[in-house]
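**Q** Fold the following, please.
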Amino acid sequence: MNGCNSLLNRAAHHEMTRTRRARGRLAVVCAMALAVACAAALPQDAYAAPVTNEVMLVNAKTGKCATIAGGVSTDDNVTALQFDCDDHPSRTWRISDVTGSGIHQIRNVQTNKCLTIAGGVSTANNVRTLQFQCDTDLSRRWTIRLKL
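**A** Just a heads-up that it's a prediction; the model follows:
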């Protein structure tokens, strides 16, 4: 009788192992099919999404974030100021090296406007910083230096 039980146990173990393998293969096939179906449902340009370089510009002293006054206006010449850091897109900026040599545009994510100096030509201190259309004007270009 022991011989029969042993033989039955081995047969049952073999069948259980075979079933587990089959289930494992089926799970892999289903996962692959789901991945293919999801990828096919994505828009074609979803595959090549660029790195955005989005940052919050947080003042080291105040802990406040740079933003555009009011947070939503897309008008030119709206003042940039500091405000509590939160998840509003106006507190987020996209920094792009526009020359390949460390000259950047700083573009507000909410308004899609660039940070510039009021008037665009003054070298005086205490000139306001504001948003303006992003173009090739040097007053809308910035270098980023480490704090000394």
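
**Q** Local confidence estimate at residue 94?
**A** For residue 94, the pLDDT comes out at 97.

**Q** Next one, pLDDT for the nearest residue to it once chain neighbours are set aside please.
**A** Leaving aside its sequence neighbours, residue 94 sits nearest to residue 107 (Cβ to Cβ, 6 or more residues apart in numbering; 4.6 Å). Backbone N, C-alpha and C define where each C-beta goes, glycine included. pLDDT for residue 107: 97.

**Q** so is residue 107 in a helix, a strand, or just coil?
**A** strand (DSSP: H, G, I helix; E, B strand; the rest coil).

**Q** swap in the one 4 residues further on?
**A** Here residue 111 is coil, with the state taken from three-state DSSP.

**Q** surely it meets residue 72?
**A** Yes. Residue 111 is within contact range of residue 72, at 7.2 Å (criterion: Cβ atoms under 8 Å).

**Q** who touches both of the two?
**A** residue 90 (Cβ atoms under 8 Å, 6 or more residues apart in numbering).

**Q** These two: who's more crowded?
**A** residue 111 (20 against 12; other Cβ atoms under 10 Å).

**Q** quick one: contacts for that one?
**A** 68, 72, 73, 74, 78, 90, 131.

**Q** Against residue 59, how distant is residue 89?
**A** 19 Å (Cβ to Cβ, to the nearest Å).

**Q** and what of residue 126?
**A** With Cβ to Cβ as the criterion, residue 126 and residue 59 are 16 Å apart.

**Q** show me what contacts the closest residue to residue 69 other than its chain neighbours?
**A** Nearest non-adjacent residue to residue 69, counting by Cβ to Cβ, 6+ apart: residue 79, 4.7 Å away. By Cβ under 8 Å, 6+ apart, the contact list for residue 79 reads 68, 69, 128, 129, 130.
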